[in-house]
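Asker: based on what follows, work out the 3D shape:
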Amino acid sequence: MKIAELLAIAKIRSGKEQQQIAAEMGIDASRLTNIGKGKLKANASEIAYLAQLAKTDPLRAIAEIESEREPKFAPMWANLLNVSKL
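Answerer: Okay, here's the model as predicted:
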């Protein structure tokens, strides 16, 4: 999942505008816009918050986004997801 997809799903499922989401997160709306455009990297807390709004597993969202950013760490994230299911 890409961060832009997560943001779009979060807006749809929460019924909130991007500015409202940014305000709830305590960040400037321009930061969230730039995160959605891929100009800035979202931190784990920001990804988790968007995942909750999107009604998806925050750990999985973080793992998928981090795996795309740093493919060399994808096996580690996959392993962590498997361990968390136990």
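Asker: mind picking out the helix or strand in this structure with the poorest mean pLDDT?
Answerer: Lowest by mean pLDDT, DSSP states H and E among the helices and strands of the chain is helix 74-84, with a mean of 88.
Asker: by contact count, what packs against that one?
Answerer: helix 58-69 (3 or more C-beta pairs under 8 Å, 6 or more residues apart in numbering; DSSP states H and E). For every residue, glycine as well, the C-beta is placed using N, CA and C.
Asker: contacting residues around stretch 73-80?
Answerer: Leu59, Ala63, Glu64, Glu66, Ser67 (C-beta atoms under 8 Å, 6 or more residues apart in numbering).
Asker: swap the cut-off to 7 Å and go again
Answerer: Outside stretch 73-80, the residues within contact range by C-beta atoms under 7 Å, 6 or more residues apart in numbering are Ala63, Glu66, Ser67.
Asker: same deal with stretch 15-35?
Answerer: By C-beta under 7 Å, 6+ apart, stretch 15-35 touches Ile3, Ala10, Lys11, Leu40, Ala42, Glu46, Tyr49, Leu53.
Asker: the second one against Ala54, yeah?
Answerer: Yes - Ala10 is in contact with Ala54 according to C-beta atoms under 7 Å; the separation is 4.2 Å.
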